[in-house]
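1. just to be clear, the model below is a prediction. Sequence and coordinates:
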Amino acid sequence: MNGARHRIASIEETNKRNEVGVAAFLQLGGFMKKSVKIGLAATIALPILAAAAIPLFVDANTFRPMIESRLSAALARKVTLGALSLSVMTGSLVANDLAIAEDPKVGEAPFFTAKRLRIGVQMKPLIFNRQLIVRSFEVDAPEIHLIRAEDGTWNFSTLSHGASLSPGSQDPAQPATLPDLSVGLITIKDGNVKIETLPLQRTPQVYDHLDVKLEQFSLAKAFPFTVSASLPGDGKVKVSGTVGPVNPQDAASTTFDARLTIKHLDPVAAGYVDPAAGISMIAGLDAHIVSDGMNVTSDGKVHAEHLTLLKGGKAAPHPIDVNYQVGHSLKGNSGQVSDLALQTGAVAIHIKGTYQLAANEPVFDLKLLAQSVPIDGLQALFPAVGVRLPNDAVLKGGTLSANFAVKGSAKDNVITGSYEIKNTELVGYDLGSKIVGIAALGGIKTGDTTAVDISRADIRITKSGTESTNIYSVLPALGESTGSGTVSPTGELNFHLISKVTNAKGLNKVGISLLTKLNSTSAAAKPSTAAGIPINITGTAEKPVITADVNGLLKGNAATLRSKGADILNKTGLSKLFGKKKVTPVQPPPQNN
């Protein structure tokens, strides 16, 4: 029994010692955990504290004169910065204000301003050696003011101009060079650009939400770039490619190779086109633009919706594609339109010529040529260029040939030339029922389709209206017509034609023949010397009023009709022609012997 009690006591003693050991081990583990946590916290906190303490020992403003000096030298413009602070976490110097001076020849207001500039730097050389090595520039919400003078030069043309030369040291015989300013990345975020021309003539163009990215920037070599911005009227523009090296004589003449994309462009809202010009559209553009510093070449396609090309015209009902090839001389501020093709479907009308950017208003000398172009494919273009047809009528079939010269500006130009339409039909317009003034001409029946064998004229279009001369047309239902006329700026028609009516029969034919003879001998003013029936066209193109001018004939031949009396009306059928009953001759009173 005593042995058993001794063993039990020994076991209990051992358990107590084990419990003490376990407790001690647990206490040690807790202490170790706390130590690890403290160590980790210290490991994390010490660098943070050290980073936070660095600005206490590094005065960022000591670098401001150096940065201003280097940027001013590189840009050849005075650059000023606001107070600098050091952000160790982002590895950058931060300036609250940035301003780049304007060309003194242009004005005094800054050319470029921003409320914040971040300058990415290498921290170790900055902290330990007070050495400034710039990695990047990031500009927030800048305001940029671009100005183009009347001679075509820009206010940014003199950026970096002669930057490497001290005053008075420039040698015209030696090409200018630039200091070596290289930056890995330059970005501009949410900027605003205002572009205007001198002398001021219209509302400046404004681009907002401007984002720019310049990679491996250098003044001395080419570098890639991307630019995007918003346009008025929900338009978007994006340009990407390569640019450089920067021309030290004229920054605006720097070489580049870029792809330009514009979506939902409203050229009137964007300030590209004067509203008074009458040109409007909603367009998309995809273009390739290349500059060698002296000449710029561009080719691409414009996809235009709701296109109007002439004041008074109506928007085209279907989209129009315009393919173009243009070469521009920077020195002469002029260009050559190699080809501008207005295309709808498989149909294209080509325009070629030259232009000159004078007084901020393009002045052009262009030639438009269309050779036997199918009319069916041109219907979408008619409203855009001011061609109007009677309400609910369309042309079907046939061809159009045209040769026009366009000279002047978009707002004030002169268009001269000629056109010819062959073998077409005016569907939805009953010409026979529209002619008034001679009942017999009601015998001309065209139904709702009027055939046109040929129609041609010489045309002159100015802001004062349209003048047509040498009009010649052949309509099988009516015959040959010649004459001239005008269309006012508001669309009022005033045409005078002579028509040889060839399809009249019976008495109608006799009456028409007599009227034709009367017209050939009439003393009244006539639009041409051709024999036929005089016809006046008034009203508008949508609602033309066509009247055979019988009254004019009768007034011009009153003496003849009086001498012949009622016999002429009755024998020739003119009484019916005028819608009158048979006329009883008036007998002269008996003579007294």
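-> Everything's here; your move.
2. what does the pLDDT read for the nearest residue to residue 420 once chain neighbours are set aside?
-> Distances taken as CB to CB, 6 or more residues apart in numbering place residue 456 nearest to residue 420, at 4.0 Å, with adjacent residues excluded. No exception for glycine: its C-beta is placed from N, CA and C like everyone else's. Each residue has a pLDDT score; the one for residue 456 is 95.
3. that's a strand at residue 456, yeah?
-> Yes. Judged by DSSP: H, G, I helix; E, B strand; the rest coil, residue 456 forms part of a strand.
4. can you report how many residues lie near it?
-> Residues near residue 456, counting by other CB atoms under 10 Å, number 16.
5. OK, contacts around it?
-> The contact partners of residue 456, taken as CB atoms under 8 Å, 6 or more residues apart in numbering, are 418, 419, 420, 421, 470, 471, 472, 473.
6. how close does it get to residue 493?
-> Per CB to CB, to the nearest Å, residue 456 is found 18 Å from residue 493.
7. how about residue 247?
-> For residue 247 relative to residue 493 (CB to CB), the value is 56 Å.
8. related to what we said a few turns ago, what bridges to the residue nearest to residue 420?
-> Taking DSSP bridges as the rule, residue 456 bridges to residue 420, residue 472.
9. tell me the contacts of residue 306?
-> Residue 306 neighbours (CB under 8 Å, 6+ apart): 280, 281, 282, 315, 316.
10. tell me which element residue 322 falls in.
-> Assessed by DSSP states H and E, residue 322 sits inside strand 320-329.
11. just the helices in the stretch 351-500 of the chain please.
-> For the stretch 351-500 of the chain, the helices defined by DSSP state H, counting those that start in this stretch cover 431-434.
12. which of the residues in the strand holding residue 322 are buried?
-> 320, 322, 324, 326, 328 (16 or more other CB atoms under 10 Å).
13. before we move on, what about stretch 115-123?
-> 116, 117, 118, 119, 120, 121, 123.
14. how about stretch 398-406?
-> Under 16+ other CB under 10 Å, the buried positions of stretch 398-406 are 398, 399, 400, 402, 404, 406.
15. from those residues, which is closest to residue 105?
-> Relative to residue 105, the closest of the buried residues of stretch 398-406 is residue 406; by CB to CB it sits at 36.1 Å.
16. follow-up on the earlier one: which among the buried residues of strand 320-329 gets closest to residue 145?
-> residue 328 (23.6 Å).
17. show me the contacts for the closest one.
-> Counted by CB under 8 Å, 6+ apart, residue 328 has contacts 295, 296, 297, 298, 334, 335.
18. who does it bridge with?
-> In beta-bridge terms (that is, DSSP bridges), residue 328 pairs with residue 296, residue 335.
19. returning to what we had before: ok, the residue nearest to residue 420 to residue 372 distance?
-> Counting by CB to CB - residue 456 and residue 372 are separated by 13 Å.
20. what does residue 71 give?
-> 62 Å.
21. those two: who's more crowded?
-> residue 71 (21 against 10).
22. for the more buried one, which non-adjacent residue is closest in space?
-> Residue 71 sits nearest to residue 79 (CB to CB, 6+ apart), 4.1 Å away.
23. residue contacts, that neighbour?
-> Residue 79 sits in contact with 68, 71, 72, 98, 99, 100, 101, where contact means CB under 8 Å, 6+ apart.
24. and if you look at residue 380?
-> Taking CB under 8 Å, 6+ apart as the definition, contacts of residue 380 comprise 316, 317, 318, 319, 320, 344.
25. any idea how far residue 347 lies from residue 143?
-> From residue 347 to residue 143 the distance is 47 Å (CB to CB).
26. neighbour-wise, which of these two wins?
-> Counting neighbours by other CB under 10 Å for residue 347 and for residue 143 shows that residue 347 has the greater number, 19 against 16.
27. nearest residue to the more buried one other than its sequence neighbours?
-> For residue 347, the spatially nearest residue (CB to CB, 6+ apart) is residue 377, at 3.2 Å.
28. verify the stated contact: the one you found with residue 342.
-> No. Applying CB atoms under 8 Å, one finds residue 377 not in contact with residue 342, separated by 11.0 Å.
29. who has more neighbours out of these two?
-> residue 342 (26 against 15).
30. who does the more buried one bridge with?
-> Residues in beta-bridge contact with residue 342 (DSSP bridges): residue 322, residue 349.
31. would you map the helices across this protein?
-> Along the chain, counting by DSSP state H, helices occupy 2-57, 64-75, 123-129, 431-434, 506-521, 550-556, 558-564, 566-572, 574-577.
32. can you get me a residue count around residue 414?
-> 12.
33. isn't it right up against residue 366?
-> No. With contact defined as CB under 8 Å, residue 414 does not reach residue 366; the gap is 11.4 Å.
34. so what sits against both of those two?
-> By CB under 8 Å, 6+ apart, the residues touching both residue 414 and residue 366 are 406, 407.
35. for this structure, give me the ranges with low pLDDT.
-> 1-58, 162-180, 201, 345, 358-360, 437-446, 501-531, 550-593 (pLDDT under 70).
36. tell me what the residue nearest to residue 415 when sequence neighbours are not counted is bridged to.
-> Of all residues not flanking residue 415 in the chain, residue 461 sits nearest, at 4.0 Å (CB to CB, 6+ apart). Beta-bridge partners for residue 461, by DSSP bridges, are residue 415, residue 466.
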